[in-house]
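all I have is the shape, not the residue letters:
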């Protein structure tokens with residue numbers, strides 16, 4: 001009987017310690033966003049980011065935008081600019097693929113350099129983050 005109680009207590013402590021560790025883990029999440037032409041995708045994605053930053057305010061979050069995803073953070077897209085800027089102020093990084101800009105003939109001046117960053121290759125950026133232990137999520141639906 002004593003052994004059973006010891007095992008139960010040990011399992012409880014192990015489970016509790018695992019839960020505490022999960023809560024204290026430094027979460028690192030890299031999002032891929034490639035479809036900002038669809039306003040429903042934009043709306044869903046911004047809400048996903050807001051939900052995650054609300055749940056894990058200390059998490060490191062990076063959004064890699066390429067293909068049609070770059071429209072989300074272009075200066076001429078005013079629909080979500082305030083919400084996206086607020087996410088940036090909470091520490092979310094918005095990183096734009098320079099290959100996309102080159103292929104689509106879009107200049108860096110189409111973006112606000114105060115809150116967006118650039119990377120030579122968006123997919124490579126995502127791969128590097130995954131190799132560094134970041135969790136990968138495809139943004140939108």
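Received, thanks. Since the structure is predicted, the reported quantities are computational estimates derived from the model, not experimental observations.

was I right about residue 60 contacting residue 27?
Yes. Using C-beta atoms under 8 Å, residue 60 is in contact with residue 27, at 7.0 Å. Heads up, the C-betas are built off the backbone N, CA and C, glycines and all.

show me where the chain has strands.
28-35, 60-68, 93-97, 117-119, 135-138 (DSSP state E).

can you list those strands in JSON lines and add mean neighbour count and distance to residue 41?
What follows is the strands of the chain, written out as JSON lines (neighbours: other C-beta atoms under 10 Å; distance: least, C-beta to C-beta, whole Å):
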{"stretch": "strand 28-35", "mean neighbour count": "21", "distance to residue 41": "5"}
{"stretch": "strand 60-68", "mean neighbour count": "21", "distance to residue 41": "9"}
{"stretch": "strand 93-97", "mean neighbour count": "23", "distance to residue 41": "16"}
{"stretch": "strand 117-119", "mean neighbour count": "16", "distance to residue 41": "21"}
{"stretch": "strand 135-138", "mean neighbour count": "13", "distance to residue 41": "11"}
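
looking at the ones you listed, which is nearest to residue 111?
With C-beta to C-beta as the measure, strand 93-97 is the member of those nearest residue 111 (6.5 Å).

beta partners of residue 68?
Beta-bridge partners recorded for residue 68 (DSSP bridges): residue 35.

helices of this protein, start to end?
2-24, 39-55, 81-89, 98-104, 122-131 (DSSP state H).

skipping adjacent residues, who's closest to residue 37 in space?
residue 68 (4.7 Å; C-beta to C-beta, 6 or more residues apart in numbering).

wait, doesn't the one you found sit right on residue 39?
No. At 11.9 Å, residue 68 does not count as touching residue 39 under the criterion of C-beta under 8 Å.

can you check the pLDDT for the residue nearest to residue 37?
We note a pLDDT of 94 for residue 68 in this prediction.

over to the one 3 residues further on?
The predicted structure scores residue 71 at 94 on the pLDDT scale.
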